[in-house]
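**Q** No sequence on hand, only this structure:
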């Protein structure tokens, strides 16, 4: 078994490299539920559940 030095180059914006949007978003034709929309609009103080 041989051990090689591994190296990598950081990518500034992976989405540009793969041709996708920089943020995750659902397709325009999706119908979002009322519960999902309400959850997105609600703020959270980060307390215990």
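**A** Yep, it's here. Keep in mind the model is a prediction, meaning the values are calculated, not measured. Residues are numbered from 1 along each chain as shown.

**Q** ranges for the strands of the protein?
**A** Along the chain, counting by DSSP state E, no stretch forms strands.

**Q** Show me what the lengthiest helix in it is packed up against.
**A** Counting residues, the longest helix found in the chain (DSSP state H) is helix 34-41. Where contact means 3 or more C-beta pairs under 8 Å, 6 or more residues apart in numbering; DSSP states H and E, helix 34-41 is not packed against any helix or strand. Using the backbone N, CA and C atoms, a C-beta is placed for each residue, glycine as well.

**Q** For residue 30, the count of nearby residues, please.
**A** Neighbourhood size, residue 30 [other C-beta atoms under 10 Å]: 8.

**Q** Now do the same contact list for it.
**A** Under the criterion of C-beta atoms under 8 Å, 6 or more residues apart in numbering, the contact list for residue 30 is empty.

**Q** Could you tell me the per-residue confidence at it?
**A** In this model, residue 30 is scored at 85, pLDDT.

**Q** how close does it sit to residue 41?
**A** Distance of residue 30 to residue 41, given as C-beta to C-beta, to the nearest Å: 17 Å.

**Q** Then residue 8?
**A** To residue 41, residue 8 is 39 Å away according to C-beta to C-beta.

**Q** again, but for residue 24
**A** Between residue 24 and residue 41 the computed distance is 18 Å (C-beta to C-beta).

**Q** and if you look at residue 28?
**A** Distance of residue 28 to residue 41, computed by C-beta to C-beta: 19 Å.
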